[in-house]
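>>> need coordinates for the below:
(chains A and B)
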Amino acid sequence: MTHYPLLYGLSHLLAGNGFFARVSLSGRALLVDEGDGFWMYGVKPGAIAAGGATPGEAQAEFRQIYTSVLFDIAAEAERFEDFKAQVEQFFSLEDEATAAEWEAAVAEVRQGRVDADWLSKRKAESRIELKVELLERAVPAFNALDEAELAA
Amino acid sequence: MTSFGLIPLKEIWAMLDRCAPGHTRKAREHNHLVTYNGVPYPSLPLGKHGRRENPDIEAGHVKKMARLLKLDADCVNRMLPQLRFK
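Just a heads-up that it's a prediction; the model follows:
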């Protein structure tokens, strides 16, 4: 099984109960070629996994599930503060075992034993973060494309 | 079983009843939320539409949940031997 350490960015504009919010995430995940397909396992946030026949399908499914978790939280939260707290808790959950595999995979990339020619590379130490913002006015700067890079 | 292998949801619940005593679970609009020892796992799929009674869940989701909730591997493997959980 080949392990690919990923850095990714996802941004969402969401409607909750009486509020609009923007959630932007820079996270880590481990993409694993399991022979019969690919699985993407969250490192941080760690409570998410998704599979697909190709790397692109696994990433698309991962985004879909991540989005659905945000929708679930938005549906239940009575106020923006509740929504923000729950999303931050979701982000804070780190899977230590998968994190160790992610670090090992970064070493493999740096030693030239693993590469992914469909992804650009970014320093593994790049910041991972989550921003949950209450939207009081809309500006085009909130629009952001998804990102995925190989951690190196 | 690979991560694409399928496990009936009722078998997952039986595993949690044995290996995660005191856990809570509830179906949200898109996913199940399972909480154990204060740690939430909010992304266990409901299953495909139309098979909500006892849908099959891909093993990759179950492995991930068991890891994140720090379930005892021996217990998980007794209840779901096909998972080969480490």
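
>>> name all residues that make contact with residue 35.
Reading this off chain A. Contacts for A:G35 were tallied using CB atoms under 8 Å, 6 or more residues apart in numbering or on different chains; they are A:1, B:2. Using the backbone N, CA and C atoms, a C-beta is placed for each residue, glycine as well.

>>> the intended chain is chain B.
By CB under 8 Å, 6+ apart, B:T35 lies in contact with B:23-25, B:41.

>>> reformat those residues as JSON lines; add pLDDT, distance to chain A and neighbour count.
Putting these into JSON lines (pLDDT from 0 to 100; distance: CB to the nearest CB, whole Å; neighbours: other CB atoms under 10 Å in any protein chain shown) gives the following:
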{"residue": "B:H23", "pLDDT": "98", "distance to chain A": "14", "neighbour count": "17"}
{"residue": "B:T24", "pLDDT": "98", "distance to chain A": "14", "neighbour count": "11"}
{"residue": "B:R25", "pLDDT": "96", "distance to chain A": "13", "neighbour count": "16"}
{"residue": "B:Y41", "pLDDT": "97", "distance to chain A": "5", "neighbour count": "26"}
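
>>> which residue ranges of chain B form strands?
Along chain B, the stretches classed as strands by DSSP state E are B:6-8, B:24-27, B:31-36, B:39-45, B:56-58.

>>> likewise for chain A?
A:2-15, A:20-33, A:38-44, A:49-52, A:121-122, A:129-134, A:147-151.

>>> so which of those gets nearest B:K10?
strand A:49-52 (20.5 Å; CB to CB).
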